[in-house]
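Peer 1: Sequence and predicted model, in that order:
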Amino acid sequence: MTFREWNRKKNLWLRAKKAQLAKFLFDRKTKEHYLPSAFKSIKKVLFLRYDNKLGDMIVSTISFHNLKALYPKIHLSVITGQNAAKIIENNKDVDQIYIYKRNWLKILKLGLLLRKEKYDLVIDIDRETTAQSIFLLRLIKARFIFGFNRNGYKLYNINRPYTWNSAHITKLHKAVFEGLKILPRDYAFDYRYILPLPKESVKLAEKIIKPLKKEGQKVIIFNPFAASHRRCFSAAQALEIANLLPKYKILVIGPAGNLKTFFKGHNALPANLALVSQENALKGGILLNIALLKQADILISPDTYIVHAASGFEKKQICVYLSSDQENITLWGPNSQNAVLLENRHIYNKDFNLKELVKELL
């Protein structure tokens, strides 16, 4: 067992023990009993998305716009991290955003603030409970709390079963509505991702993309970065893609800090290869990457949030997922007819054979 594997197991064990202690201290029965007819009295809904994961937030927009389509007068709030909040800050379906920080004192303050707001329903779709989430839910004191597979928890007065590895993550969001029993028989559930962008992001993207389209070539957004270093592509692979696809313009996107050093040691780049400047990356952030993707033609990326953004825009994409994690492919694949999903049987994406990828565009 490597140190990384040992450390991961240790952290999971500690997380479980902390959750058990929090359950003992804070898990108290919610007084009201939920019936579908009670939903007519619900005016304020709070959606927990505090993990700060960008892809999760993009997919969660499914729940937001279906809820507002069915109940337009409901006040919908979302708890999330600072980065994921950017995905929904221009989303008209979301009325209020609360920033979540993993600090017990700040969680206490947030919970007491939310208690004053008197939420009728909290929707928690996280796979597991944590000590912090139990503490926060106890503080909020909503009338109803919804969760999946929360057997043994008194706080959740709406508990529904769900098999996580059986279908794409989008099906989970429909399961929320089915669990609440609020879907009319004739309602066509909308699985689209909603990704509105501010004007400043669109304008900055236009400024970057326009020079690349002068010669009429198609623009490929190449995102080499992912949350795990195993999923990341290398600078050498970016250069190889540019050389193998001379008829395309390749634009490399990513976090400003990563872009600054990405081509370090490579003196000259091919004429068809460009990099978002650190200045623009700092200025535009996550929303710039999404705006660039919307204006480009194709995406090449490892498994990360930009894959879901491409699905939302119905862009052609070639994405690489690690073959060793089949459950992740089932749950978090691109879920788009315009996507080509390639499985990498190596441990690292930097070892992936790019000719397999490039042939999809030749």
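Peer 2: On my side now, so go ahead.
Peer 1: which residues does the residue nearest the centre of the chain contact?
Peer 2: By CA atoms, centre = their mean, the chain has its centre lying nearest to Gly55, at 1.6 Å. Counting by CB atoms under 8 Å, 6 or more residues apart in numbering, Gly55 makes contact with 304-305, 307-308, 332. In this view, the C-beta of every residue, glycine as well, is placed from N, C-alpha and C.
Peer 1: Now the helix or strand in which it is found: buried residues?
Peer 2: Here Gly55 sits within helix 54-70, counting by DSSP states H and E. Under the neighbour-count criterion of 16 or more other CB atoms under 10 Å, helix 54-70 has 54-68 buried.
Peer 1: Just the mean pLDDT for it, thanks.
Peer 2: Averaging pLDDT along helix 54-70 gives 98.
Peer 1: and the next element down the chain from that helix?
Peer 2: strand 75-80.
Peer 1: Provide the strand pairings for that following strand, with the direction of each partner.
Peer 2: Using DSSP bridges, strand 75-80 pairs in its sheet with strand 44-49 (parallel), strand 96-99 (parallel).
Peer 1: List of residues touching it?
Peer 2: The contact list for strand 75-80 (CB under 8 Å, 6+ apart) reads 43-50, 52, 57, 60, 64, 67-68, 85, 88, 93-100, 110, 117, 119.
Peer 1: Who are the packing partners of the helix or strand hosting Leu12?
Peer 2: Assigned by DSSP H and E, Leu12 belongs to helix 3-26. On a contact count with 3 or more CB pairs under 8 Å, 6 or more residues apart in numbering; DSSP states H and E, helix 3-26 meets helix 131-140.
Peer 1: what residue ranges in the stretch 1-150 of the chain score low on pLDDT?
Peer 2: The stretch 1-150 of the chain contains residues with pLDDT under 70 at 1-5, 7-8, 10.
Peer 1: how about the CA coordinates for whichever strand or helix holds Tyr321, as CSV?
Peer 2: Taking DSSP H and E as the criterion, Tyr321 maps to strand 316-322. Provided in CSV are the C-alpha atoms of strand 316-322 (Å, rounded to 0.1, in the frame of the first residue of the first chain):
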residue,chain,number,x,y,z
LYS,A,316,-18.4,18.0,-30.2
GLN,A,317,-16.0,16.7,-27.7
ILE,A,318,-13.4,14.0,-27.3
CYS,A,319,-12.9,13.2,-23.6
VAL,A,320,-10.6,10.7,-22.0
TYR,A,321,-11.6,8.8,-18.9
LEU,A,322,-9.5,6.4,-16.9
